[in-house]
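Enquirer: Mind looking at a prediction? Sequence and model below.
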Amino acid sequence: MSGDLSTVTRVLYPGSFDPVHNGHIEIIETAASLFDEVIVAAMVNTTKDGVFQLDDREEMLTVSVAHLSNVRVKMFSGLVVDLAQEEDADFIVKGLRAVSDFENELQMAQMNNAASGIHTLFIPSASRSSFLASKFIRDFARWGGDISAMVPEPVAIKLKEQFG
């Protein structure tokens, strides 16, 4: 060890977060306990059908992580590696729910590393939240299902407003 205590480890946790759910919060809280600074970046994802605009997602994320002093929220569109370089992130963090997530996430991690040299760290979710996925939460909320135990309270309120 060099003994240099001024080094800050900053990580970037990108995702669509449409909407943010308790599985995401678990990964954010874990990353916040492991690293000095966590940047949660909600992005435009052209491959997913979403419900909320970026400003709504920013609001829900900001309120949902307000209890974590070393986490900040940022919105972006573009390449994750460009944002990682802009924010001087040491690593990209991604959550894994199941083995099926790993295959796609590994390919993205390898592509990001080849393009920029930045490494991706995977954080597995706890089994109590491994079934959570934004697309399922959106569908369940759309049909009047109770999602209150699956998302932070501000998100449950927004979903109820969105779908009635």
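Expert: All right, it came through fine.

Enquirer: what pLDDT, on average, does whichever helix in the chain runs longest get?
Expert: Longest helix in the chain by number of residues, with DSSP state H as the criterion: helix 99-116. Computed over helix 99-116, the mean pLDDT rounds to 92.

Enquirer: elements contacting that helix?
Expert: Packing contacts for helix 99-116, counted by 3 or more Cβ pairs under 8 Å, 6 or more residues apart in numbering; DSSP states H and E, involve helix 80-86, strand 91-96, strand 119-124. (C-beta placed from N, C-alpha, C; glycine too.)

Enquirer: elements contacting the first one?
Expert: In this case it means helix 80-86. Against helix 80-86 (3+ Cβ pairs under 8 Å, 6+ apart) you get strand 10-15, strand 37-43, helix 99-116.

Enquirer: helices or strands next to the second one in the packing?
Expert: Judged by 3+ Cβ pairs under 8 Å, 6+ apart, strand 37-43 is in contact with strand 10-15, helix 22-34, helix 54-64, strand 71-76, helix 80-86.

Enquirer: Could you rerun that using 6 Å?
Expert: strand 10-15, helix 22-34, strand 71-76 (3 or more Cβ pairs under 6 Å, 6 or more residues apart in numbering; DSSP states H and E).

Enquirer: what lines up beside that strand in the sheet?
Expert: Strand pairing for strand 37-43, using DSSP bridges, gives strand 10-15 (parallel), strand 71-76 (parallel).

Enquirer: Check which element follows whatever helix or strand Ile137 lives in along the chain.
Expert: Secondary structure from DSSP states H and E places Ile137 in helix 134-142. Moving toward the C-terminus from helix 134-142, the next helix or strand (DSSP H and E) is helix 153-163.

Enquirer: For that next one, give the mean pLDDT please.
Expert: On average, helix 153-163 scores 92.

Enquirer: That one: how far from the chain's middle?
Expert: 18 Å (Cα atoms, centre = their mean, to the nearest Å).

Enquirer: what does that helix contact?
Expert: Pro19, Val20, Met60, Val63, Ala141, Arg142, Ser148 (Cβ atoms under 6 Å, 6 or more residues apart in numbering).

Enquirer: Farthest-apart pair in those, please.
Expert: With Cβ to Cβ as the measure, no two of these lie farther apart than Val63 and Arg142, at 22.0 Å.

Enquirer: Same drill for these two, tell me which one is more crowded.
Expert: Val63 (17 against 13; other Cβ atoms under 10 Å).
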